[in-house]
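Chemist: Kindly return the folded structure for what I paste below:
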Amino acid sequence: MTFAKKALIVGTTAAIAAGAAASAQSAINGAGATFPAPFYQRAFADGAAKGIRVNYQSVGSGSGVRQYVAGTVDFGATDEPIKSSEAVKVKRGVVQFPSVGGTIAIAYNNPSCSNLKLTQKQAVDIFLGKIKTFEDLKCGKGKITVAHRSDGSGTTFAFTNSLSAFSPEWKSKVGEGKSVKWPVGVGGKGNEGVAGVIGNTPGAIGYLNQAYVKGKIKAAALQNKSGKYVMPTLAGGAAALNNIKLDANLAGEDPNPAGAASYPISTLTWILAYEKGNGLKAGEIRKAMMYLLGPAQSQADNLGYVPLRGSILAASKKAVARIGS
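Modeler: I've put the predicted structure just below:
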């Protein structure tokens, strides 16, 4: 064998080995909910120092579930648990688990209204278009512009689910879902888009994950089932999430929780992974998800989220172990 041929064989073998190693270490791709996106992006950026490589696309829960069902991502993310009609299409097996909690703020932009307090009826009437001015709310002045999601969204599901729990009128006229027919308002894509509409529109009121409430955008205190006005904080969210009981698929909700300290619109958000067919990425996916459920939880409050604790956290960690090759 000539030296040139021997060098070619050695070089080709090395290239194949390098390619296999690169494939094994390639980035994990996920897509879905915008609600937890700041938490995920911070967690995965911090995890990079530990060899965790995740590319997360904040495209909305609806798109995330569609990509997950189609098998074009390594994991999906959604603020509404996967429906059984969607889960049966996933031949690789569904591993669903809560990743973090959060509160959905009724957020507004009006410097003349510094301390907005809303009853549940007022909240519903704003989004029904019945309350049209800040004067109607006895807080500041100006016309109200309602802002809502334009895309399919788990944030919208959680928000409208609570409005349906607050009001039979809302439930019968609009109902709950990732997408609904809004009686009034201007749409924005993602929590980012709605935050943009609110921030750029004096007098706007919309709904956002608490993590997006900043700058000109303020959060209203919302009256809970016990009659107390509560802000969408860690304490209010944690008190509410303690009411949630998970089912066998680790799904669960309480759209109007009891308790004097509970913030009424609080929700979990979920990761959708595959039970099999993950190949060489299986270990990396488990590592990334355990980081999300471990060290990353300590950053949740600073970023405007509610960290998982107790039985919910334990159930999520147990589910991650089911992610196989």
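Chemist: Going by C-alpha atoms from here, please, whenever you check contacts or count neighbours.
Modeler: Fine.
Chemist: Would you enumerate the residues in contact with residue 296?
Modeler: By C-alpha atoms under 8 Å, 6 or more residues apart in numbering, the contact set of residue 296 is residue 43.
Chemist: ok but it is inside a helix, no?
Modeler: Yes. In this structure, residue 296 lies within a helix as judged by DSSP: H, G, I helix; E, B strand; the rest coil.
Chemist: quick one: it from residue 315, how far?
Modeler: 17 Å (C-alpha to C-alpha, to the nearest Å).
Chemist: Phi first, then psi, for the closest residue to residue 260 other than its chain neighbours.
Modeler: Excluding its sequence neighbours, the residue lying closest to residue 260 (C-alpha to C-alpha, 6 or more residues apart in numbering) is residue 226, at 5.3 Å. Main-chain torsions, residue 226, degrees, to the nearest 10: phi -90, psi 0.
Chemist: Was I right to think residue 226 contacts residue 257?
Modeler: No. Here residue 226 does not reach residue 257: they are 9.2 Å apart, not a contact under C-alpha atoms under 8 Å.
Chemist: Break down the chain into its helices, ranges please.
Modeler: Secondary structure of the chain, counting by DSSP state H: helices at 3-24, 37-47, 61-70, 84-87, 120-128, 154-166, 168-173, 190-200, 234-241, 282-293, 310-320.
Chemist: Any idea which of those gets closest to residue 108?
Modeler: helix 190-200 (6.5 Å; C-alpha to C-alpha).
Chemist: right, and the helices of the chain - which one's nearest residue 247?
Modeler: In terms of C-alpha to C-alpha, the element of the helices of the chain nearest to residue 247 is helix 310-320, at 10.6 Å.
Chemist: And that closest one, what's buried?
Modeler: 312-313, 316-317, 319-320 (16 or more other C-alpha atoms under 10 Å).
Chemist: and if you look at stretch 124-137?
Modeler: So for stretch 124-137, counting by 16+ other C-alpha under 10 Å, buried means 124-129, 131-134, 136-137.
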